[in-house]
Every structure is written in structure tokens, then in C-alpha cells.
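S.K.: let's see this in three dimensions:
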Amino acid sequence: MRQYFYILFFLLSGCSSSDPKTVFEERTGLSISDSISNIKVSDNYELREGEFSIVFKTTESQINSWLNNSPPWNNLKWHKGKIPPEIGIAVRFNFPEGVASGSYDNGKNIYFGDENLIKLLNDTTNYYSYVEDCCSGEKGLRFHDGRILILQPHTRMIYFAVWDF
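M.R.: Here you go, the predicted model:
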């Protein structure tokens, strides 16, 4: 029985590409026509839970091309600004540590944790698209599973993540 499991695992793992560009295109529906560099892939899935991310740098024209078209996952428009805390606490990309979120008595949310990740999540120039893959109607499980794509025109950095927790 165990050998059948290994054969099935081997066959299924061969069905998806390990090329970051191809994976990005397949999972976002956006094509990459310009050059990309500084590619970092993180995959910390363990027992079907974790995060997979791709971070890379591209050209201004590539970002503008994406922004001038529809965002991924059937969203009607690109969002702009800070990343909402319920999404931000779920992602880590390739940063050494993640973040947590808290709120002041006035309701203002703050992040604490990895300083560079906080800068990314609080950047008001971000364009982003996201989708919840699970539990959007259940208050306690919002953003349990999801995907996000962040475009940063001023740095030309792209951050894509899929998570399941």
C-alpha cells in the first residue's frame, strides 16, 4: 500500500511546474512578458498547512500592464493602500519572521513583528488583489485560506502568496 502512495505522490508532484514564472502565471492568470529578477520562492507547507510564496522584481512596464487590466481571481478592481490585518497576519513571503496584529482603543490596527514585512504591509502605494479560499462567511475563520498578490510600482517588487492554515 505504501508503495502505491509514493507512486501517486511522485506522479502528482510531477504535474505542477517548479519554474517560478510558470507557477506565478498558472496561479494568478497573469502573464509575465518582461524580464524578472531577484526571484525568491518560499514553501513551508507541512501536512497540508502553510504558505507558498514567490517574490521577484520586474519592470515598470510589466507592472503597468497588469494594473491596466483586471486583477486576478475575478476581482473587479485593484485595491490600493495598506494590506488589511486579517490578510497581513497570514503571509510572510520570504521575510525571516511574520507579523501579528493588534488594535488600539480607537479601533486603529497595528502590526508588530518583522520590521521589513511591516513596511511592506503598511505601504500606501501598494496595489493588491486577494481572494479567500475558505470560510469567508464564518467570522472566526476569515482568511483561513487565501491568496494575495501585491504590486509595488516604486520598487518594482512583486509579492505573491498562497496560504492554508
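
S.K.: I'd assumed residue 43 was in contact with residue 50.
M.R.: Yes: the pair residue 50 / residue 43 is scored as a contact, 7.5 Å apart, by C-beta atoms under 8 Å. The way it works is simple: take the backbone N, C-alpha and C, and place the C-beta from them, glycine included.

S.K.: neighbour count winner among the two?
M.R.: residue 50 (15 against 12; other C-beta atoms under 10 Å).

S.K.: so what's the more buried one up against?
M.R.: For residue 50, the residues meeting the contact criterion (C-beta atoms under 8 Å, 6 or more residues apart in numbering) are 43, 44, 163, 164, 165.

S.K.: just the buried ones from these, in ChimeraX syntax?
M.R.: Only the buried entries of those go into this ChimeraX selection, using 16 or more other C-beta atoms under 10 Å:
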select :163
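
S.K.: okay, the contacts of residue 50 in a markdown table with pLDDT, distance to residue 55 and secondary structure next?
M.R.: Compiled in a markdown table, the contacts of residue 50 are given as follows (pLDDT from 0 to 100; distance: C-beta to C-beta, whole Å; DSSP: H, G, I helix; E, B strand; the rest coil):
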| residue | pLDDT | distance to residue 55 | secondary structure |
| --- | --- | --- | --- |
| 43 | 80 | 12 | strand |
| 44 | 73 | 14 | coil |
| 163 | 84 | 14 | strand |
| 164 | 78 | 19 | strand |
| 165 | 64 | 20 | coil |
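
S.K.: contacts only, for residue 97.
M.R.: Going by C-beta under 8 Å, 6+ apart, residue 97 touches 113, 114, 117.

S.K.: perfect, I'm done here.
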